[in-house]
Structures are given as C-alpha cells and as structure tokens.
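Chemist: Need the 3D shape of this:
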Amino acid sequence: MKIQIKKFVVGPLATNCYIAYDIDTNDAVIVDPGFPDQTIIDYLIREKLRLTGIILTHGHFDHIMGLGYLTKFCKTSIFIHKHDEPLLRDPHKNHSIYLGEPFTFIGEVELINSEEVIKSGSLELKIIETPGHTRGSISILLDKFLFSGDTLFLDAIGRTDFPESAPERMEESINRLLNIGSDIILHPGHMGSGKIRAPW
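Modeler: Numbering: from 1, shown residues only. Have a look, this model is predicted:
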C-alpha cells in the first residue's frame with residue numbers, strides 16, 4: 001500500500017483538511033473537512049479518487065463544517081468518537097454559534113467506541129484515543145502518517161480550556177503520540193507537518 005497525502009487549508013481558522021489515498025487502488029479518506037471548499041471535490045474528481053470515508057479527529061466547528069457540502073457530492077461513511085458526536089448536533093457545543101454561522105450536522109455517523117482499526121476500502125486506519133482538547137479527540141495512524149487534529153502540533157499542544165475538554169487526560173495523550181515512533185510524519189489540524197518532536 002502506497003499512501004499519498006494532499007493537504008487543503010480551509011476556513012476562517014486555517015484548518016488542515018487532508019485527503020489520504022492509496023495510489024494503487026485510488027481509495028481515499030478525508031480527515032477533518034473543516035469548511036466547504038470546491039477545490040477538495042475538484043481534486044477527488046481530477047485524481048479519479050473513490051471516497052470511502054470521512055473521519056473526524058474531534059467535533060469543533062472548524063473541523064466539521066464541510067460535512068454537509070461533501071455528503072451532497074458523495075454519500076460515504078462518517079466516523080467520529082462517541083464522546084464528540086453531540087458536538088455535531090449542537091452549535092453551542094461545537095462553537096459555530098460564536099462564529100455567527102450556527103452549524104449542525106444531522107446525518108448518520110458511525111461512532112468510534114474505543115481504539116480500533118477502521119477499514120475503509122483498501123485503507124486501514126488505526127484509531128488512537130487522545131482525549132484532552134475534547135473528550136472524544138482521536139488521532140489516526142495510517143501507515144507512517146499520524147493525523148493528530150488539535151491534540152499535538154509540531155511545536156505545541158492543543159488547548160484544554162473548553163467545557164468539552166479533558167485537561168486531566170492531555171499529558172497522557174501527548175506522551176502516547178510522542179512515543180509512537182521516530183519515523184512518523186505528523187499531520188496536525190493546523191499549521192505545518194513534519195517529524196514528531198517534543199514541544200518542550
């Protein structure tokens with residue numbers, strides 16, 4: 001399996017949305033569609049990719065607001081941790097209300113209940129529970145690529161001062177990610193990608 005990653009920076013908070021795909025089968029998943037963006041759909045069409053799933057690292061508005069737009073283009077499975085599923089349904093909990101654009105997603109989703117491997121077409125996504133930024137934050141390991149959402153950035157860690165945060169779990173989550181391996185490429189929810197290194 002040879003994995004290609006394409007990053008799009010979308011929305012008012014410059015959120016990283018990723019398409020990860022198997023170049024042999026063209027099976028693709030989208031991680032964190034944070035805002036409606038036609039260039040994402042254009043890329044899927046141009047590269048002849050088959051979207052087999054959408055996976056959310058957590059339920060904050062800047063990581064979910066492209067869901068409705070994408071699901072009009074293609075019906076596919078959507079995955080989110082069970083603790084963050086309520087954020088999809090409530091603009092106060094996902095904070096979109098404060099943006100002035102209240103957003104809810106009422107479509108069906110598949111709940112992640114624990115650490116597991118999600119098979120999406122030819123792709124195998126290892127789910128790592130990383131609560132802290134939110135109670136249902138996850139990170140996703142695909143081959144040598146780690147999608148960490150707002151848990152871990154190249155030189156910082158995510159905020160834990162939201163009502164839906166779990167600050168008491170953040171240190172444990174960060175340590176887990178830092179110990180995955182030295183050859184892992186970090187793809188966070190904001191800012192740049194690169195090799196994992198401790199932010200302190």
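
Chemist: Gly189 and Thr57 touch, don't they?
Modeler: Yes - contact status for Gly189 versus Thr57: in contact at 6.3 Å, counting by C-beta atoms under 8 Å. Using the backbone N, CA and C atoms, a C-beta is placed for each residue, glycine as well.

Chemist: so where's the longest helix in the protein?
Modeler: helix 167-178 (DSSP state H).

Chemist: hey, C-alpha coordinates of that one in CSV?
Modeler: Below are the C-alpha coordinates for helix 167-178, written out as CSV (Å, rounded to 0.1, in the frame of the first residue of the first chain):
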residue,chain,number,x,y,z
PRO,A,167,-7.4,18.6,30.7
GLU,A,168,-6.6,15.8,33.1
ARG,A,169,-6.1,13.4,30.1
MET,A,170,-3.9,15.6,27.9
GLU,A,171,-0.5,14.7,29.2
GLU,A,172,-1.2,11.0,28.8
SER,A,173,-2.4,11.6,25.3
ILE,A,174,0.6,13.6,24.3
ASN,A,175,3.0,11.1,25.7
ARG,A,176,1.3,8.3,23.7
LEU,A,177,1.8,10.2,20.5
LEU,A,178,5.4,11.2,21.1
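
Chemist: Under a three-state scheme, what state does Asp62 occupy?
Modeler: Look at Asp62: counting by DSSP: H, G, I helix; E, B strand; the rest coil, its state is helix.

Chemist: Contacts made by the very next helix or strand once past the longest helix of the chain with the rest, please.
Modeler: Using DSSP states H and E, the helix or strand that directly follows helix 167-178 along the chain is strand 185-188. For strand 185-188, contacts defined as C-beta atoms under 8 Å, 6 or more residues apart in numbering pick out 5, 7, 16, 18, 31, 144-150, 152-154, 193-196.

Chemist: Tell me where the model's unsure across this structure.
Modeler: 1, 197-200 (pLDDT under 70).

Chemist: Whichever of the contacts of strand 185-188 end up buried, select them in ChimeraX.
Modeler: In ChimeraX, this line selects whichever of these come out buried by 16 or more other C-beta atoms under 10 Å:
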select :5,16,18,31,145,146,147,148,149,150,152,153,154,193,196
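
Chemist: Shouldn't Ile128 be within a strand?
Modeler: Yes - according to three-state DSSP, Ile128 belongs to a strand.

Chemist: Now do the contacts for it.
Modeler: Neighbours of Ile128 in contact, by C-beta under 8 Å, 6+ apart: Glu115, Ile138, Ser139, Ile140, Leu141, Arg176, Leu177, Ile180.

Chemist: quick one, helices of this protein?
Modeler: 38-46, 67-73, 85-89, 167-178.

Chemist: ok, back up a step: now for the longest helix of the chain, which elements pack on it?
Modeler: strand 123-129 (3 or more C-beta pairs under 8 Å, 6 or more residues apart in numbering; DSSP states H and E).

Chemist: If we go by neighbour counts, what in the strand it packs on is buried?
Modeler: Neighbour-count burial for strand 123-129 [16+ other C-beta under 10 Å]: Leu123, Leu125, Ile127, Ile128, Glu129.

Chemist: With distance to Lys93 added, can I get those residues in CSV?
Modeler: Listed next are the buried residues of strand 123-129 as CSV, based on distance: C-beta to C-beta, whole Å:
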residue, distance to Lys93
Leu123, 29
Leu125, 25
Ile127, 22
Ile128, 23
Glu129, 19
